[in-house]
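1. quick one, what's the 3D model for this:
(one chain, ligands or ions: 2)
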Amino acid sequence: MEAIKAPRGTRDVLGDESWKWAYVLKVCGEVARDFGYSEVLLPIFEHTELFSRGIGDATDVVEKEMYTFIDRGDRSITLRPELTASMVRSYLEHDMNRGPQPVKLWSSGPMFRYERPQKGRYRQFQQVDFEILGAANPLADLETIDTSMELYRRLGLTNLQVLINSVGCPKCRPIYREALKNFIADRLGEFCETCQSRFDRNPLRVLDCKKQGCRDLTESAPAMVDSLCDECRGHFDAVTSGLSRIGANDARVDNRLVRGLDYYTKTAYEILAGELGSQNAVCGGGRYDNLAEAIGGPHVPGVGFASGIERIVITMEGQGAHMGAAPAIDIYAVTASPGACTEVAALVHEIRAAGMSADMDYMNRAMRVQMKHASSTGARFVCIIGEDEIAAGTVGIKDMASGEQESSPRSGVVARLAEWKEVSK
Ligand SMILES: [Zn+2]
Ligand SMILES: [Zn+2]
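-> Numbering: from 1, shown residues only. Ligands and ions are numbered 1, 2, ... in the order given. Purely as a prediction, here's the structure:
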């Protein structure tokens, strides 16, 4: 029988890497605390309708990428492809709009999209998501951008650049949409198939096509920022003028940053990080003042961002950012003669109960092999117990960093280890 492997587009994050993810999530939690966000734990699956209405039927995500199935109760269920729609659903479901505004929420966890797997892109991927709900003020947009920038700064990322645009509102976007369609229409036949199919339903998306041919064709296309209504213009100016105050001095307006759906309004932004010239987006965010209504709620303005943990870790590794150290055992207890194994197990138990980490051999390996294993685990100290030590009521302790060795009375050994650990911090 053939061995079963993980499904295509998924992968196991093993111990040599998972601690880095935990580190990133820890820093996310600290930033959330410092900016006043509270954490919500949301279901991984939702009613399909939440996403078809909350992301939009005309998007690639809803059309082609969702993991949708009928459950045993005959409901159409979808594994969440993103978090914003769930956040807004939760906010409405729990009447958070009735309390003081805004409400600042964050969450993290796996998302699912049926995409073509490639390096750094998986069908199950982990994201962290921050949202400010109930505030229409451009200060909330600024704070969202600041939150993401601060997160990356604390993670040690450099070469951060903010790309920003406004996608307008249902008042000014249709006018821009027509202008853009007129611009594209003349040479529509020269665009790629995807762009041609988007032309009617979602022409703004033609601007973010990655194909060079299409990019060349839209190089001199009209820009949304030139078609904003007074309200959207004022909002955009307030956000962009605030960017330098939060240390985003080289923020750049990017006309290709679009979303093209009516729920997304005003601010759209990305943050690039990595080597200059080959920077990748580590986060995407923006405002969605009409999303709550789209999913059947009252009008609730909202703004937020999402960031992929995998991409953050890859960027940190690429930039040599500090992530702390891989977790290591404090103490490894070596069994010097087979008869001492129970005594070793008792010592390991005591060490752990005292709040230190410890491990031992369970495979009856030779002492020499145990010593080798101890050093490969990164243990700071090694305790040695054999028949001689049991007879003498002692334990041998070796400091793996200095090579220093001593014999300690069995009764005081845990206190002695705690003392050493304290000194060696
Ligand atoms: Zn507008
Ligand atoms: Zn195209």
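2. D361 touches V334, doesn't it?
-> Yes - the pair D361 / V334 is scored as a contact, 7.0 Å apart, by CB atoms under 8 Å. (C-beta placed from N, C-alpha, C; glycine too.)
3. please identify which of those two sits among more neighbours.
-> V334 (24 against 18; other CB atoms under 10 Å).
4. what residues does the stretch 51-200 of the chain put near ligand 1?
-> Residues of the stretch 51-200 of the chain found near ligand 1 (CB under 5 Å from the ion) are 168-169, 171-172.
5. among those residues, which two are most distant?
-> Farthest-apart pair in those is G168 and K171; separation 7.6 Å (CB to CB).
6. shared neighbours of the two, which are they?
-> 229, 232 (CB atoms under 8 Å, 6 or more residues apart in numbering).
7. okay, those two: which has more neighbours?
-> Neighbours were counted for G168 and for K171 using other CB under 10 Å; G168 has more, 28 against 13.
8. check what pLDDT that one gets.
-> Note for G168: predicted pLDDT of 95.
9. what of the one 10 residues further on?
-> What the model reports for E178 is a pLDDT of 93.
10. how close does it sit to ligand 1?
-> 14 Å (CB to the ion, to the nearest Å).
11. check which helix or strand that residue maps to.
-> helix 173-185 (DSSP states H and E).
12. so how far is the helix or strand immediately after that helix in the chain off the chain centroid?
-> Once helix 173-185 ends, the next helix or strand along the chain (criterion: DSSP H and E) is helix 193-201. For helix 193-201, the gap between its own C-alpha mean and the chain's C-alpha mean amounts to 31 Å (CA atoms, centre = their mean, to the nearest Å).
13. ok, then the element right after helix 193-201?
-> helix 212-217.
14. can you list contacts of the following helix or strand past that next one?
-> Note on helix 212-217: by DSSP H and E, the next helix or strand toward the C-terminus is helix 230-243. With contacts defined as CB under 8 Å, 6+ apart, helix 230-243 is touched by 138-139, 141-142, 145, 162, 164, 166, 168-169, 171-172, 225, 228, 249, 251, 253, 265-267.
15. list only buried entries from those residues.
-> Among the contacts of helix 230-243, those classed as buried by 16 or more other CB atoms under 10 Å are 138, 141-142, 145, 162, 164, 166, 168-169, 172, 225, 228, 251, 265-267.
16. show only the entries of those found in strands.
-> If you go by DSSP state E, those have 162, 164, 166, 265-267 in strands.
17. and V348, which of the three is it?
-> Secondary structure assignment for V348 (DSSP: H, G, I helix; E, B strand; the rest coil): helix.
18. scratch that, P100
-> Recorded secondary structure, P100: coil (three-state DSSP).
19. what is the burial count for it?
-> Neighbour tally, P100, other CB under 10 Å: 7.
20. any idea how far G36 is from it?
-> 12 Å (CB to CB, to the nearest Å).
21. can you check G304 too?
-> Taken as CB to CB, the span from G304 to G36 is 14 Å.
22. who's more crowded, these two?
-> Each of G304 and G36 has its neighbours counted (other CB under 10 Å); G304 has more, 26 against 11.
23. what's near enough to touch that one?
-> Under the criterion of CB under 8 Å, 6+ apart, the neighbours of G304 are 84, 87, 129-132, 144, 285-286, 288.
24. mind putting these in a markdown table, secondary structure included?
-> Below are the contacts of G304 laid out as a markdown table (three-state DSSP):
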| residue | secondary structure |
| --- | --- |
| T84 | helix |
| M87 | helix |
| D129 | strand |
| F130 | strand |
| E131 | strand |
| I132 | strand |
| T144 | helix |
| G285 | strand |
| G286 | strand |
| Y288 | coil |
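25. circling back: and ligand 2, which of the residues of the stretch 51-200 of the chain next to ligand 1 contact it?
-> Of those, not one also sits near ligand 2 (CB under 5 Å from the ion).
26. which of these lies closest to N280?
-> Distances from N280 to those, taken by CB to CB, are shortest for G168, at 26.7 Å.
27. quick one: that closest one and R177 touch, right?
-> No - between G168 and R177 there is no contact under CB under 8 Å: 9.1 Å.
28. next secondary structure after the helix or strand of the chain with the lowest mean pLDDT?
-> Among the helical and strand segments of the chain, the one scoring lowest on mean pLDDT, DSSP states H and E is helix 60, with a mean of 82. Once helix 60 ends, the next helix or strand along the chain (criterion: DSSP H and E) is strand 67-70.
29. quick check: mean pLDDT of that next one?
-> Rounded mean pLDDT across strand 67-70 is 97.
30. which residues are contacting that strand?
-> 48, 76-79, 81, 112-114.
31. buried stuff in stretch 413-425?
-> For stretch 413-425, the neighbour count (16+ other CB under 10 Å) marks 413-414, 416-417, 420-421 as buried.
32. can you check stretch 68-76 too?
-> In stretch 68-76, counting by 16+ other CB under 10 Å, buried: T68.
33. i'd like the first residue to be 57 from this point on
-> Noted, 57 is the first residue going forward, which turns the last one into stretch 124-132.
34. restricting to C-alpha, output it in CSV.
-> Only the C-alpha atoms of stretch 124-132 are listed here, as CSV (Å, rounded to 0.1, in the frame of the first residue of the first chain):
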residue,chain,number,x,y,z
THR,A,124,-16.8,24.7,-0.3
PHE,A,125,-18.8,21.6,0.6
ILE,A,126,-22.3,20.5,1.7
ASP,A,127,-22.2,19.3,5.3
ARG,A,128,-24.4,16.5,6.7
GLY,A,129,-27.1,19.0,7.6
ASP,A,130,-27.3,20.0,3.9
ARG,A,131,-25.7,23.5,4.5
SER,A,132,-23.2,25.0,2.1
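35. mind checking how far that stretch is from the chain centre?
-> With CA atoms, centre = their mean, you get 29 Å for stretch 124-132.
36. how about stretch 212-229?
-> Relative to its chain's centre, stretch 212-229 lies at 19 Å (CA atoms, centre = their mean).
37. that concludes my questions; thank you for your assistance.
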